[in-house]
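> Give the three-dimensional model of this entry:
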Amino acid sequence: MMAAKRATEAVGRALVEEAQRWGGMRQTGVGLRYMMDFGSRPTDRNLLISAQFLHRELPIRIARRVVELDDLPFGLSDEPAILKVRDWYLDSFRDVRSFPEIKDISDELAFTEMIKMIKVRHNNVVPAVALGVQQLRKHLNPKLASCDLEEIHKFLDRFYMSRIGIRMLIGELLHPFSVWQHVALHDPDPQPGCVGQINTKMSPMSVAQAASEDARAVCMREYGDVPDVNIYGDPDFTFPYVPSHLHLMMFELVKNSLRAVQERYMKYNKDAPPVRIIVADGIEDVTIKVSDEGGGIPRSGLPKIFTYLYSTAKNPLDEYDYRGNNAVTMAGYGYGLPISRLYARYFGGDLQIISMEGYGASCTSLS
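The predicted structure is shown next:
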């Protein structure tokens with residue numbers, strides 16, 4: 001029994017040491033244009049090349065996350081949820097490294113099936129890390145200034161941005177026409193205009209409408225009532241973007257606005273004013289503005305809204321099940337806005353918040 005335990009520990013140490021070696025290697029950047037050009041030609045040869053690239057690249061990117069998760073300040077690395085996430089990344093690193101050399105299309109298909117399992121394994125990384133941060137916050141000195149926690153914020157920005165990049169690589173280079181390549185390869189009717197997760201003719205109006213309906217459903221479930229959402233813009237306007245990224249950003253922004261408006265007006269038994277979304281196509285930028293009359297954010301709260309240790313809502317994460325059994329809550333995770341800004345910045349955009357305390361807030365997403 002003791003010998004088996006020692007053998008298991010030795011294997012675990014060897015795996016961690018290998019991850020540390022790979023984490024020191026240089027990763028390869030992949031741009032949006034390359035993803036679109038490559039993914040638009042899903043030949044067997046291209047799929048084989050992309051699988052071989054991922055077989056080399058994913059261990060580096062995954063190992064870097066393992067190394068960072070092992071070396072976090074204030075004892076964050078020892079929080080149970082963070083340890084769970086670190087184990088997920090170690091398992092995925094082991095799976096990719098142990099996969100044999102990819103030589104033909106049958107190897108590529110087997111590799112794709114393995115990658116699909118990895119993608120599912122990591123579906124709940126974001127809320128699990130958020131839970132770890134909340135676990136840390138419970139025993140942090142409340143007098144610590146936000147500048148003292150800057151190292152944690154920088155890590156989380158890097159960590160979440162890297163996660164976006166890994167999922168884009170998996171989604172684009174191995175999954176042309178859809179999120180799952182194995183399914184798409186046998187799809188006789190792929191969506192027109194779609195190259196992997198990128199829609200070359202994405203309608204921001206349609207995405208805003210879908211995200212608003214999803215946010216209104218959450219608000220209705222939470223409060224039993226929900227403000228309207230009015231959307232303004234050219235319904236025929238399209239541009240190339242990742243719909244799932246824009247949907248996430250719009251969902252978070254609209255959800256925040258709905259909550260602020262509903263909580264403000266239900267106190268007075270008054271009809272709540274609508275949340276407004278404006279989509280503008282400029283010469284250089286696509287701008288999407290979400291504005292509300294929810295009372296705004298106090299000036300003292302504005303510096304905190306893009307940190308991962310701040311939320312104006314009651315925290316629902318105390319009972320969070322990071323295996324994926326929780327429904328979407330209205331607020332309280334403390335990462336909706338900072339994550340949304342990272343998604344905006346991934347392709348060179350940004351997300352800005354302008355508040356008029358006593359009236360409302362305006363959230364602008366620049367794509």
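> tell me the domain ranges of the chain?
Domain assignment for the chain, taken from automatic domain parsing, gives 2-194, 203-366.
> first vs last residue of the shortest one, how far apart are they?
Start-to-end span of domain 203-366 (Cα to Cα, to the nearest Å) is 15 Å.
> how far out from the middle of the chain is that domain?
Domain 203-366 has its average C-alpha position 15 Å from the chain's average C-alpha position, going by Cα atoms, centre = their mean, to the nearest Å.
> any idea of the mean pLDDT in that domain?
Domain 203-366 shows a mean pLDDT of 85.
> mind checking the backbone torsions on residue 28?
Here is the backbone geometry of residue 28 (degrees, to the nearest 10): phi -100, psi 130.
> Now do the contacts for it.
Residues in contact with residue 28 (Cβ atoms under 8 Å, 6 or more residues apart in numbering) are 53, 57. In short, each C-beta sits where N, CA and C put it, glycine included.
> change it to 7 Å
Listed by Cβ atoms under 7 Å, 6 or more residues apart in numbering, the contact partners of residue 28 are residue 57.
> measure it to residue 45 for me?
Distance, residue 28 to residue 45, using Cβ to Cβ, to the nearest Å: 19 Å.
> Check residue 349 too.
With Cβ to Cβ as the criterion, residue 349 and residue 45 are 34 Å apart.
> show me the contacts for residue 249.
Going by Cβ under 7 Å, 6+ apart, residue 249 touches 340, 343-344, 351, 365.
> I should have written residue 161 there, sorry.
When contacts are counted by Cβ under 7 Å, 6+ apart, residue 161 touches 342, 346.
> ok, now with 6 Å
residue 342 (Cβ atoms under 6 Å, 6 or more residues apart in numbering).
> which SS class is the closest residue to residue 238 other than its chain neighbours?
Nearest residue to residue 238, sequence neighbours excluded (Cβ to Cβ, 6 or more residues apart in numbering): residue 201, at 4.2 Å. Three-state assignment for residue 201 (DSSP: H, G, I helix; E, B strand; the rest coil): strand.
> correct me, but residue 201 touches residue 236?
No: in this structure, residue 201 is not within contact of residue 236 by Cβ atoms under 6 Å, at 10.3 Å.
> picking that back up, out of residue 349 and residue 45, which sits in the more crowded spot?
Legend: neighbour count by other Cβ atoms under 10 Å for residue 349 and residue 45, higher for residue 349 (20 against 10).
> if I read this right, that one contacts residue 342, doesn't it?
No: the pair residue 349 / residue 342 is not scored as a contact, 10.4 Å apart, by Cβ under 6 Å.
> separation between residue 95 and residue 15?
Taken as Cβ to Cβ, the span from residue 95 to residue 15 is 11 Å.
> And for residue 345?
Distance, residue 345 to residue 15, using Cβ to Cβ: 33 Å.
> now do residue 245
From residue 245 to residue 15 the distance is 33 Å (Cβ to Cβ).
> so residue 344 sits right up against residue 350, yeah?
Yes: when contacts are counted by Cβ under 6 Å, residue 344 is listed as touching residue 350 (5.5 Å).
> Who has more neighbours out of the two?
Shown here are residue 344 and residue 350; by other Cβ under 10 Å, residue 344 has more neighbours (22 against 12).
> what's the distance between the more buried one and residue 164?
For residue 344, the distance to residue 164 equals 11 Å [Cβ to Cβ].
> go on, residue 124?
In terms of Cβ to Cβ, residue 124 sits 15 Å off from residue 164.
> quick one: buried residues of whichever helix or strand residue 112 is part of?
Using DSSP states H and E, residue 112 falls within helix 105-121. If you call a residue buried by 16 or more other Cβ atoms under 10 Å, then helix 105-121 has these buried ones: 107-108, 111-112, 115-116, 118-119.
> Residue 199 and residue 245 touch, don't they?
No: in this structure, residue 199 is not within contact of residue 245 by Cβ under 6 Å, at 10.5 Å.
> Quick one: list the elements packing against the helix ranked longest in the chain.
Using DSSP state H to define each element, the chain has its longest helix at helix 44-69. Judged by 3 or more Cβ pairs under 6 Å, 6 or more residues apart in numbering; DSSP states H and E, the packing partners of helix 44-69 are helix 2-23, helix 80-98, helix 105-121.
> could I get those helices as CSV with mean pLDDT?
Rendered in CSV, the data for the helices and strands packed on helix 44-69 read as follows (pLDDT from 0 to 100):
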stretch, mean pLDDT
helix 2-23, 72
helix 80-98, 96
helix 105-121, 90
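> Relative to residue 51, which of those is closest?
When the helices and strands packed on helix 44-69 are compared by Cβ to Cβ, helix 105-121 sits nearest residue 51, at 4.3 Å.
> Count the residues that sit near the residue nearest to residue 238.
Residue neighbour count, defined by other Cβ under 10 Å, stands at 12 for residue 201.
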